[in-house]
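# predicted model and sequence follow; I will ask about them next.
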Amino acid sequence: MTTSACDTGNTGNDSGKGLDLGSVTAGWGPDRPTFTEADRPERATLNSVTDNPRHGDERNFLSVTEVATGQRYVGGDVTLQPGQTYEATVFFRNDADPGTQTGVSTGTRVRATLPARVKGRERISAFLQSDSAEPARLWQSLALATPADTSVSVRIVPDSARIYTEAAPKGVSLPTDELFSEAGTLIGCSAQDGVLTGARQCEGRVRFRFVADRPNFVISQAVSQAGETVTSGLRFEVGTRVTFKMHYRNTGTTQQNNVVLRSELPASFRYVSASTSFSTSRTDSKWKKTEDGVTEDGLNLGSFDPGGGAYLKFTAVLPDEEDVDCGLTNTTSTALARTPNGTKSAESVILVEKKCG
């Protein structure tokens, strides 16, 4: 019996789920003859039995499970939630009749692909390859999906790739870099030698995990007269010393590295040398003196886990009388946080008052 490659994707708009389905589809291929458990082929053939008593239709050999909830996706869309971990499972079997002596699959490999980022829909795919089976290469894809206005980064969990067979039920580690390479990684019954017979002990699964990360952060700023409680948007007299206090917080689901805080002061404001301090969990939330540079290229405060953050403060002197007109001068100071995931800013309005006779 010959069947056609299956395409289970929906190419329309699913407004009920808020998903941008686009043109990415799930499915499997290529076209190939299929068999039953009672009538298995004599030659090496991968994943072509439609009624495997332990798996069902072997053409559907890729599934994804949300680890926290146990929800399993076996076709169509996998809706990613930021911060959640997922486990992909790739089922494999050489369907050759165990009684035949000519049905050994050699050079058997598994390969997987994942997108680095998902906005709308992207594919996760698994490939089974063999030097001696017919056909030589099989594939299946599922669609990873997010709401149309949301994007997530996809991160493979290091050292999470393992192979499980009846001969190695506790699992054996697989090299993740090989699994996601163009060639894939060798698999086998009890050794990763690429050899699969039709024996039940050679039936197995490759599993690996990935995380859906959503980078995000916030930056805020407040201004006060030096030595007083920090508030925002105050009026100060010319020549006053003021304290700028910036606050960065990682509100995403992934670590942010090399976070740089920088201040853009209005014209005629003067930074006070050696006045900068910062506070993080690494300083036990105490203020620690640091170098100058916050008003130039900015200061790199390091890496922050989700929920982590930093405060940074410094002192500046407002313009002198000769630098502003009588009355109120409206100025704006900008605090910026620069991360590998972009730059955000926050503004504070500062009114500089010059009293004239």
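Cool, the structure landed.
# state the distance from the residue nearest to Thr240 when sequence neighbours are not counted to Gly239.
Nearest residue to Thr240, sequence neighbours excluded (CB to CB, 6 or more residues apart in numbering): Leu318, at 4.9 Å. Using the backbone N, CA and C atoms, a C-beta is placed for each residue, glycine as well. Distance of Leu318 to Gly239, given as CB to CB, to the nearest Å: 6 Å.
# more neighbours, those two?
Neighbour totals were compared for Leu318 and Gly239, and Leu318 leads with 24 against 14 (other CB atoms under 10 Å).
# any idea of the pLDDT on that one?
For Leu318, the pLDDT comes out at 94.
# contacting residues around it?
By CB atoms under 8 Å, 6 or more residues apart in numbering, the contact list for Leu318 reads Phe236, Glu237, Val238, Gly239, Thr240, Arg241, Val242, Ser268, Phe269, Ile350, Val352.
# and the nearest residue to the fourth one once chain neighbours are set aside, how close does it get to Glu166?
So that's Gly239. Distances taken as CB to CB, 6+ apart put Asp320 closest to Gly239, at 5.5 Å, once the chain neighbours are dropped. According to CB to CB, Asp320 stands 83 Å off from Glu166.
# so which helix or strand of this protein has the lowest pLDDT on average?
strand 2-3 (a mean of 34; mean pLDDT, DSSP states H and E).
# any regions of the protein where pLDDT drops low?
1-25, 229-233 (pLDDT under 70).
# okay, domains of it per the record?
Following the assignment in automatic domain parsing, the chain carries domains at 2-213, 217-354.
# and the last one, how far apart are its ends?
Same thing as domain 217-354. Taking CA to CA, to the nearest Å as the measure, domain 217-354 stretches 38 Å from start to finish.
# centre of the chain to it, how far?
What separates the centre of domain 217-354 from the centre of its chain is 30 Å, taken as CA atoms, centre = their mean, to the nearest Å.
# for Ala88, list each beta-bridge partner.
Val64, Phe208 (DSSP bridges).
# correct me, but it touches Phe180?
No: counting by CB atoms under 8 Å, Ala88 stays clear of Phe180, with 11.3 Å between them.
# who touches both of the two?
Counting by CB under 8 Å, 6+ apart, the residues touching both Ala88 and Phe180 are Ala112.
# of those two, who's got more company?
Higher neighbour count among Ala88 and Phe180: Ala88, with 24 against 16, using other CB under 10 Å.
# which residues touch that one?
Contact analysis of Ala88 by CB under 8 Å, 6+ apart lists Leu62, Ser63, Val64, Ala112, Ile124, Ala126, Arg207, Phe208, Arg209, Phe210.
# emit the ChimeraX select command for whichever of these are buried.
Those of the contacts of Ala88 that count as buried under 16 or more other CB atoms under 10 Å are selected in ChimeraX with:
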select :62,63,64,112,124,126,207,208,209,210
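# dump the contacts of Ala88 to TSV, plus distance to Pro135.
Below are the contacts of Ala88 laid out as TSV (distance: CB to CB, whole Å):
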residue	distance to Pro135
Leu62	17
Ser63	22
Val64	24
Ala112	19
Ile124	21
Ala126	15
Arg207	24
Phe208	24
Arg209	29
Phe210	28
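# which element is Leu261 on?
strand 260-264 (DSSP states H and E).
# name the helices or strands packed onto that strand?
strand 241-250, strand 299-300, strand 309-317, strand 327-339 (3 or more CB pairs under 8 Å, 6 or more residues apart in numbering; DSSP states H and E).
# other SSEs contacting whichever helix or strand comes after that strand?
Next helix or strand after strand 260-264 toward the C-terminus (DSSP H and E): strand 270-271. Applying 3+ CB pairs under 8 Å, 6+ apart, one finds that strand 270-271 contacts strand 309-317.
# between strand 241-250 and the strand it packs on, find me the angle.
Here the directions of strand 309-317 and strand 241-250 differ by 160 degrees (axes from the mean of the first three to the mean of the last three CA atoms, to 10 degrees).
# in a helix, that's where Asp177 is, yeah?
Yes: Asp177 sits within a helix when classified using DSSP: H, G, I helix; E, B strand; the rest coil.
# compute the number of surrounding residues for it.
The tally of other residues near Asp177 (other CB under 10 Å) stands at 10.
# again with the one 5 residues further on
If you count neighbours by other CB under 10 Å, Glu182 ends up with 6.
# name the residues that touch stretch 302-313?
The contact list for stretch 302-313 (CB under 8 Å, 6+ apart) reads 83, 243-259, 261, 276-282, 287, 294, 299, 301.
# at 7 Å instead, please
By CB atoms under 7 Å, 6 or more residues apart in numbering, the list of residues contacting stretch 302-313 from outside reads 243-250, 252-257, 259, 261, 276-281, 294, 299, 301.
# just the CA trace of stretch 82-92, in CSV.
Listed next in CSV are the C-alpha coordinates belonging to stretch 82-92 (Å, rounded to 0.1, in the frame of the first residue of the first chain):
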residue,chain,number,x,y,z
PRO,A,82,7.4,32.1,27.5
GLY,A,83,9.5,30.6,30.3
GLN,A,84,8.3,27.0,29.7
THR,A,85,10.5,24.0,28.9
TYR,A,86,9.5,21.5,26.2
GLU,A,87,10.7,18.0,25.4
ALA,A,88,10.8,16.8,21.9
THR,A,89,10.6,13.0,21.2
VAL,A,90,11.7,11.3,18.0
PHE,A,91,10.5,7.7,17.7
PHE,A,92,12.5,5.3,15.5
